[in-house]
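>>> structure, please.
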Amino acid sequence: MTATPKTLVDITVLMDALNNEQEPDNASNAILSLAAKGRIQGYVCAAAIDPLHTELARNRGRTHARSAIQRVCDILAIAPVDAGVIQGAIGLGWRDLDDALTFESARRIGLDYLVTLNGADFDHPALAVHAPEEFIQSFEERP
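Numbers count the residues shown, from 1 in each chain. Now for the predicted structure:
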């Protein structure tokens, strides 16, 4: 891993962290903690913000959702989605466009890792994909 790995945090990890904020052993929370402490350069795909807000608002109310989105944006940088990212994502031919947008936004800005709870959906050699537990373990094992 690079000194400060550039890591995109997928919406699945964010939902897990935000829905389980009170669980100190939750690996998704640990990923956000690494980003908050500057031990990784954390990113979220711009295309994930609206669905993340929608799901949080549905489950916990609009006020909580807005607050949670603000916390995410305070911790993670935004990986942009522009016309090139959209065309690249479509060109991947993946079944789920949201996963393709996430992957392509990370790839286009040169990120090192993508952390997700659904790694099988991101099968591509251009980017290292890890589950939160796997990423933390490899992060802790580095010199």
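>>> please count neighbours and contacts with C-alpha atoms only from this point.
Will do.
>>> count the neighbours of the closest residue to Ile109 other than its chain neighbours for me.
Distances taken as Cα to Cα, 6 or more residues apart in numbering put Ala79 closest to Ile109, at 7.3 Å, once the chain neighbours are dropped. Neighbourhood size, Ala79 [other Cα atoms under 10 Å]: 22.
>>> which residues touch Ala79?
When contacts are counted by Cα atoms under 8 Å, 6 or more residues apart in numbering, Ala79 is found next to Leu8, Tyr43, Val44, Cys45, Ala46, Ser105, Ala106, Ile109.
>>> let's see it at 10 Å
For Ala79, the contact set (Cα atoms under 10 Å, 6 or more residues apart in numbering) comprises 8, 42-48, 102, 104-109, 111.
>>> just checking, which helix or strand of this protein averages the lowest pLDDT?
helix 132-141 (a mean of 88; mean pLDDT, DSSP states H and E).
>>> over to Gly110: give its phi and psi.
Backbone torsions for Gly110, taken as degrees, to the nearest 10, come to phi 80, psi 40.
>>> ok so, going back, just the contacts of Ala79 now: which is nearest Glu23?
Taking Cα to Cα as the measure, Glu23 lies nearest Gly42 of those, at 20.6 Å.
>>> confirm the closest one sits in a helix?
No: Gly42 sits outside any helix when classified using DSSP: H, G, I helix; E, B strand; the rest coil, being strand.
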